[in-house]
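1. here's my sequence, what's the structure:
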Amino acid sequence: MLKIHFSGEDILRTRVAPAADPVWEVVLSLHLLPERSRDPLLSGWRREVMRDLRRPEDADGLRLLLALNPPRGYFPDFLTPYESVDGFEAGMEAVRRTPVPLLHRDLTLLANARSLPADASALARGEPDALEHLTAAMGRYRELALRPYWPRVQAAVEADRARRARAVLDGGVEGLLTSLRPGVRWNSGTLEIPGYPSSRELHLQGRGLLLVPSFFCADTPVALLDPTLPPVLVYPVDRLGGLAPEEAKKSEAALAALLGRTRAAVLAASDDGCSTGELARRLHISPAAASQHATVLRNAGLLVSHRDRNTVLHTLTPLGRAVLNT
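-> Predicted coordinates for the structure are as follows:
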């Protein structure tokens, strides 16, 4: 069992990641790739990805990634840096900057449990070419295995974030932590994960906890092994939140034809309320472009915008909701 101990200050500093974390999704999807799944969503994904990854030019990189990310047990903390909350490239830059002592420690721990390929030795020494090869392999894998499915991953994570937001509104941060059931229990200041593969206790010590909703996380939430790193708990979302029935797909296409693809996406993202910065992050557009699209939709009576200090929150008007649900 993993027990995470909270102080009052930790509760105040606990929050949910702003979007699906691309680096965590890469790493956790690699854990699922070698084994067949009874989940029809994952089995279809695995079948298609394995077909695409059979190219000879991808073999070495994939071999290294699978060795570093076994289906069960320990995997290196340095592969999922905290900086990935700002996007994939920020995460890869942090991986390339990992201090050599941390690389050596993490890879030694992994080598104690399983054999590693020869290029892992260069990685443990922090050789720049080895780190560049690793991040290039992660980027290539992401393009092949995640990019085609990313809208589905984002949709499932956004649906989960909306659920957690309602939990906070109804019960505060303790309501949020309680809502993580059944795989997690909130018990008088301690978050307990009964199915965790090892017995550990983590004291947050005023740092708070970043909750990361994940499409590819298996049944049991995941935490970093090193207690000195910024505390993170990655937990699984309902993958059905990422499925769009055929009729919904037709409606989305019709709305995109009417408003334009990006503007339709801005309208959809505002369903549960969304700031300009969040729109930019979710849709991979600039804040200026997000603001411009929101202004057009607001002038058309589809959005209403409220300013709170330096943040502008956009929500649907009744007309906007009717258009979205058409």
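
2. who's in contact with residue 319?
-> By CB atoms under 8 Å, 6 or more residues apart in numbering, the residues touching residue 319 are 301-302. Bear in mind the C-beta positions are built from the backbone N, C-alpha and C, glycine included.

3. read off the pLDDT value for it.
-> We have a pLDDT of 81 for residue 319.

4. how about the helices of the chain, start to end?
-> Remark: helices assigned in the chain by DSSP state H are 8-12, 22-32, 40-52, 59-68, 88-96, 100-111, 119-124, 128-141, 150-178, 246-259, 261-269, 276-283, 287-299, 318-324.

5. deepest of those, which one?
-> Between these, helix 22-32 has the highest mean count of neighbours, a mean of 23, where neighbours are mean count of other CB atoms under 10 Å.

6. identify the residues contacting it?
-> For helix 22-32, contacts defined as CB under 8 Å, 6+ apart pick out 42, 46, 65-66, 69-72, 75, 79-81, 84, 87-88, 91-92, 138, 141-142, 145-146, 153, 212, 214-218, 222, 234.

7. mind running it again at 6 Å?
-> Contacting residues not belonging to helix 22-32 are listed as 65, 69, 71, 79-80, 84, 88, 91, 138, 142, 212, 214, 216-217, 234 [CB atoms under 6 Å, 6 or more residues apart in numbering].

8. one more: stretch 96-107?
-> For stretch 96-107, the external contacting residues (CB under 6 Å, 6+ apart) are 76-78, 120, 124, 126, 131, 135.

9. same question for stretch 266-284.
-> 19, 162, 265, 287, 290-291, 293, 297, 303, 311-316, 324.

10. please determine how far residue 86 is located from residue 100.
-> Using CB to CB, to the nearest Å, we find residue 86 at a distance of 24 Å from residue 100.

11. try residue 314
-> 45 Å.

12. try residue 58
-> Distance from residue 58 to residue 100, by CB to CB: 28 Å.

13. repeat for residue 227
-> 21 Å.

14. do residue 83 as well
-> The gap separating residue 83 from residue 100 is 18 Å, by CB to CB.

15. cool, residue 144 as well?
-> 30 Å.

16. ok, residue 115 next?
-> Applying CB to CB to residue 115 and residue 100 gives a distance of 22 Å.

17. same question, residue 191
-> On the measure of CB to CB, residue 191 and residue 100 end up 33 Å apart.

18. how about residue 165?
-> In terms of CB to CB, residue 165 sits 41 Å off from residue 100.

19. returning to what we had before: pLDDT check: weakest of the contacts of stretch 96-107?
-> residue 120 (93).

20. residues in contact with it?
-> residue 107.

21. so how far is residue 64 from it?
-> Taking CB to CB, one finds residue 120 at 7 Å from residue 64.

22. how's this protein carved up into domains?
-> The chain breaks down by automatic domain parsing into domains covering 2-17+151-241, 22-150, 244-324.

23. which one of the contacts of stretch 96-107 sits closest to residue 238?
-> Nearest to residue 238 among the contacts of stretch 96-107: residue 77, at 27.0 Å, using CB to CB.

24. distance check, the closest one against residue 226.
-> For residue 77, the distance to residue 226 - CB to CB - is 5 Å.

25. out of these two, which sits in the busier spot?
-> residue 77 (18 against 13; other CB atoms under 10 Å).

26. in this structure that one contacts residue 223, no?
-> No. Distance between residue 77 and residue 223: 9.8 Å, which falls outside the contact criterion (CB atoms under 6 Å).

27. can you put the contacts of stretch 96-107 in JSON lines and add distance to residue 105?
-> Listed next are the contacts of stretch 96-107 as JSON lines, based on distance: CB to CB, whole Å:
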{"residue": "76", "distance to residue 105": "9"}
{"residue": "77", "distance to residue 105": "9"}
{"residue": "78", "distance to residue 105": "9"}
{"residue": "120", "distance to residue 105": "13"}
{"residue": "124", "distance to residue 105": "9"}
{"residue": "126", "distance to residue 105": "12"}
{"residue": "131", "distance to residue 105": "16"}
{"residue": "135", "distance to residue 105": "19"}
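
28. mind showing which ranges of the chain have poor pLDDT?
-> 240-257, 308, 326 (pLDDT under 70).

29. 50 instead, please
-> 243-248 (pLDDT under 50).
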